[in-house]
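Asks: make a model of this:
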Amino acid sequence: MLERVPEPELMDNKLQVQAYADADFADANQRFVSLVQAQQLALNGSALDLGCGPAGITLALAASLPGWRICGLDAGANMLATARDNAKKMPEEVQSRLSFVLGHLPDHGLQGEAFDLLLSNSLLHHLPDPLSLWQSLTGLGHSGSVVVVMDLFRPESQRVLDNLVSEYAGNEPEILQIDFANSLFAAWTISEVEQQLHQCELQHFSVRAISDRHMAITGVLG
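Replies: Numbering: from 1, shown residues only. Now for the predicted structure:
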């Protein structure tokens, strides 16, 4: 197994933001939306997308969950500016159910909020302390809140990592290829995530591989 190599927490310089905004993440985004749609959700409620980035998933979920109010949180001011610009392209009805907050785990600035659905895609491997995500869930949700997290998992070898970069980012700008490789190096293994959950008394959550590079962590807060 490759040794984990952390990467910078924030991906917010203007070149990175533009590259991510222009990239085609339709497959991964739809994979995440399908994970959410597979949960037994109420017809309406409130959701928080942690590490929303340019809001591709936030907007897709708002369109597919018409009874839901969705807040996107990110620590990158440039990312959030792009997210807000992207939201303006949505129908007014969707825009009315969207909000965006500049925040940083664990000091997210959302004290007093209790969301029914807690979401995160590709945030976990960026955090210096992964427990900050799992420990934040209790304060941001309530008993019965649904949690859906998707992230990369670390490949077993350099050869596998190189093949993944070639297959899924080979046609992207060099900055995205480098970021994807760095993210794979920084990703946690399934067993490491299981240990994190156990430390945070969330061992009842399910952790499973859902592709050759993604894992899903789902559960309900007690």
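Asks: spit out the contact partners of residue 183.
Replies: 7, 122, 125-126, 152 (C-beta atoms under 8 Å, 6 or more residues apart in numbering). (Each C-beta comes from the backbone N, C-alpha and C, glycine too.)
Asks: would you list every one of the helices in the chain?
Replies: Using DSSP state H, the helices of the chain run over residues 14-22, 26-37, 56-64, 77-87, 92-95, 131-140, 158-169, 174-186, 190-199.
Asks: one step back: from the contacts of residue 183, which land in strands?
Replies: Here DSSP state E is the test, and the contacts of residue 183 give residue 152 as lying in strands.
Asks: can you list the contacts of residue 183 in JSON lines and add distance to residue 42 and neighbour count?
Replies: Below are the contacts of residue 183 laid out as JSON lines (distance: C-beta to C-beta, whole Å; neighbours: other C-beta atoms under 10 Å):
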{"residue": "7", "distance to residue 42": "37", "neighbour count": "16"}
{"residue": "122", "distance to residue 42": "26", "neighbour count": "20"}
{"residue": "125", "distance to residue 42": "30", "neighbour count": "21"}
{"residue": "126", "distance to residue 42": "30", "neighbour count": "21"}
{"residue": "152", "distance to residue 42": "30", "neighbour count": "21"}
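Asks: from the contacts of residue 183, which is closest to residue 195?
Replies: Closest approach between those and residue 195, by C-beta to C-beta: residue 125, at 15.0 Å.
Asks: quick one on the thing from earlier: so which of the helices of the chain is the most packed in?
Replies: Of all those, helix 56-64 carries the top mean neighbour count, a mean of 21, counting by mean count of other C-beta atoms under 10 Å.
Asks: residues in contact with that one?
Replies: The contact list for helix 56-64 (C-beta under 8 Å, 6+ apart) reads 25, 29-30, 32-33, 36-37, 47, 49, 52, 68, 70, 72, 83, 86-87, 90, 94, 97-98, 119, 121.
Asks: then stretch 126-140?
Replies: By C-beta under 8 Å, 6+ apart, the residues outside stretch 126-140 that reach it are 6-11, 48, 50-51, 105-106, 108, 110-111, 113-115, 118, 120, 123-124, 145, 147, 149, 183, 186, 188, 193, 196-197, 199-200, 202, 221.
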